[in-house]
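*Asks:* this one's structure only:
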């Protein structure tokens, strides 16, 4: 199924689910660093999805401060890219900006 065939809300839910699954896989891999803040992020992103906060003014995803700074694993870098891509999509599709 082509991504563009989804309506924006379904697409956002799909992207959020991918971010949640990626976050869980990083947390579950004991060989990876997450400093505990990915667990906090996971709780936040699940609430964000479940409460559809992207439909409100409170739509910014709070990422751990260290994510994207230094020493991140490739998986963490990919997670951050996914988050930025989602935020950009939300801004374009739902916020008209």
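*Replies:* Okay, I see it. These figures come from a predicted structure and were not determined experimentally.
*Asks:* rest of the way, CA atoms for contacts and neighbours
*Replies:* Noted.
*Asks:* any idea how far residue 25 is from residue 53?
*Replies:* 24 Å (CA to CA, to the nearest Å).
*Asks:* now swap in residue 8 and tell me
*Replies:* From residue 8 to residue 53 the distance is 14 Å (CA to CA).
*Asks:* before we move on, what about residue 70?
*Replies:* Noted for residue 70: a distance of 29 Å to residue 53, by CA to CA.
*Asks:* next one: residue 14
*Replies:* 15 Å.
*Asks:* Over to residue 66?
*Replies:* Distance from residue 66 to residue 53, by CA to CA: 23 Å.
*Asks:* For the two, indicate the residue with more neighbours.
*Replies:* residue 53 (15 against 12; other CA atoms under 10 Å).
*Asks:* Need the pLDDT of the more buried one.
*Replies:* Looking at residue 53, its pLDDT reads 87.
*Asks:* measure it to residue 90 for me?
*Replies:* According to CA to CA, residue 53 and residue 90 sit 11 Å apart.
*Asks:* Also residue 5?
*Replies:* Taking CA to CA, one finds residue 5 at 16 Å from residue 90.
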